[in-house]
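1. Structure here, sequence nowhere to be found:
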């Protein structure tokens, strides 16, 4: 089970916990930027203890506290909110995306830094110029919550805003504060590289073959069970009472898996334990804001009533969330209707969740948007 509190961090729980909305796991990169300085007029860095007290004890600070405060000069980390709760570091306008909650996790990291800060007589123009101590450990903890080691809108390079709500809703990864919808900040300006072992393409994902429904018997002990436990927690379907004996199938696995099935759109017997391998059925729901893409492998398109209404296409292989999204699938007319993927692209989330849990590419649950006669 991923740790709610980062190992090695100072825990300063401020309370005010609240759930996230589910979806693509995200991390947000901020800098504290509590002083304005310049090359000709640098300023001393605000002490770590001052910011820790501000976020941990001051009423105004607690109202905007991130999950963690990271000191890149010493490696110290203070955590104020558990990973599975929203924090309040982002502006969140009514009626739009709930920025602080828009993912299975939305982990917000404040780096103690501002441009042209001075530490021990040396001036630092960008965060990348600092020692970045503790970054590997911080990144590993964030990644354990399912946050992709990528920048969907590009790695920050300068204090320039770039925002795309469609990408924000769809894709897991790290986002600069300058890339978050409904916000006008332009930080962090730069950010350290991901550790070499976590860079895209440096590792090949392998999947556990589906062992058959009979394998999932109560009391079964296996590393596969522990992996399933961790993924169910990471995608926001934690119904476990504890993480003890997480490699043994128990009632918590049953409840958590069934919660995940319901999130995928299954009901009745299809949403119950044990895991199975049902037909490739696509459930249709009416949703707004469609997007496009183009797929190649076909499967039945079925109404909730079960009546087949044509064929829906899928890619021949799944390389991961980013690879599938980049194909931008588009679905053609089906029995006189134009069918398109919805903006939230639940297909990607459900597909990847299924692959991550068991490595099975057989169960593909899709929410599609139906347009009929101009509706």
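-> In hand now; what should we look at? Just so we're clear, the structure is a prediction, and the values are computed from it rather than from any experiment. Numbers count the residues shown, from 1 in each chain.
2. so the most far-flung residue of the chain relative to its centre, which of the three states?
-> Most distant residue from the mean C-alpha position of the chain: residue 40, 40.2 Å away (CA atoms, centre = their mean). Three-state assignment for residue 40 (DSSP: H, G, I helix; E, B strand; the rest coil): coil.
3. That one and residue 124, how far apart?
-> 15 Å (CB to CB, to the nearest Å). C-beta: built from backbone N, CA, C; applies to glycine.
4. following the host helix or strand of residue 229, which helix or strand comes up?
-> Assigned by DSSP states H and E, residue 229 belongs to helix 223-234. Using DSSP H and E, the helix or strand that follows helix 223-234 in sequence is helix 251-263.
5. name the helices or strands packed onto that next one?
-> helix 223-234 (3 or more CB pairs under 8 Å, 6 or more residues apart in numbering; DSSP states H and E).
6. Would you mark the buried spots in the helix it packs on?
-> 224, 225, 226, 227, 228, 229, 230, 231, 232, 233, 234 (16 or more other CB atoms under 10 Å).
7. so the first one sits right up against residue 216, yeah?
-> This points to residue 224. No. Residue 224 is beyond contact range of residue 216, at 9.7 Å (criterion: CB atoms under 8 Å).
8. coming back round to it: what distance do you get for the residue farthest from the centre of the chain to residue 270?
-> Distance from residue 40 to residue 270, by CB to CB: 67 Å.
9. End to end on stretch 175-188, go ahead and measure it.
-> Across stretch 175-188, the terminal residues are separated by 10 Å (CA to CA, to the nearest Å).
10. no wait, stretch 86-97
-> 14 Å.
11. and the residue nearest the centre of the chain, what does it touch?
-> Geometric centre of the chain, nearest residue: residue 25, 0.5 Å, by CA atoms, centre = their mean. Residue 25 sits next to 103, 104, 105, 145, 146, 147, 148, 172, 234 when contact means CB atoms under 8 Å, 6 or more residues apart in numbering.
12. which one of the residues you listed is nearest residue 248?
-> residue 234 (19.2 Å; CB to CB).
13. Could I get the phi/psi values of residue 221?
-> The phi/psi pair for residue 221 (degrees, to the nearest 10) reads phi -110, psi 130.
14. do the same with residue 139
-> According to degrees, to the nearest 10, residue 139 has phi -60, psi -40.
15. Break down the stretch 101-250 of the chain into its strands, ranges please.
-> Here the stretch 101-250 of the chain has its strands, by DSSP state E, counting those that start in this stretch, at 106-111, 117-119, 122-124, 173-176.
16. I'd like the ones you listed as JSON lines, with mean neighbour count, mean pLDDT and distance to residue 161 appended.
-> Shown next, in JSON lines, are the strands of the stretch 101-250 of the chain (neighbours: other CB atoms under 10 Å; pLDDT from 0 to 100; distance: least, CB to CB, whole Å):
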{"stretch": "strand 106-111", "mean neighbour count": "26", "mean pLDDT": "98", "distance to residue 161": "17"}
{"stretch": "strand 117-119", "mean neighbour count": "19", "mean pLDDT": "98", "distance to residue 161": "22"}
{"stretch": "strand 122-124", "mean neighbour count": "15", "mean pLDDT": "97", "distance to residue 161": "23"}
{"stretch": "strand 173-176", "mean neighbour count": "25", "mean pLDDT": "97", "distance to residue 161": "9"}
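17. ok, which stretches of the stretch 1-150 of the chain are helices?
-> Using DSSP state H, counting those that start in this stretch, the helices of the stretch 1-150 of the chain run over 48-57, 59-62, 135-143.
18. Which strands or helices does the second one pack on?
-> Right, helix 59-62. Counting contacts by 3+ CB pairs under 8 Å, 6+ apart, helix 59-62 is packed against helix 48-57.
19. just for the stretch 151-300 of the chain, where's the confidence low?
-> Across the stretch 151-300 of the chain, the ranges flagged by pLDDT under 70 are 197-208, 277-300.
20. One more pass at 50, please.
-> 198-204, 278-300 (pLDDT under 50).
21. re the thing from before, for residue 114, state which of the buried residues of helix 223-234 is nearest.
-> Of the buried residues of helix 223-234, the one sitting nearest to residue 114 (CB to CB) turns out to be residue 234, at 33.0 Å.
22. quick one, which of the helices of the stretch 1-150 of the chain is nearest to residue 4?
-> The closest approach between residue 4 and any of the helices of the stretch 1-150 of the chain, judged by CB to CB, belongs to helix 135-143 at 10.3 Å.
23. Let me know the average pLDDT across that closest one.
-> Averaging pLDDT along helix 135-143 gives 94.
24. Distance from it to the middle of the chain?
-> Put simply, helix 135-143 sits 14 Å off its chain's centre (CA atoms, centre = their mean, to the nearest Å).
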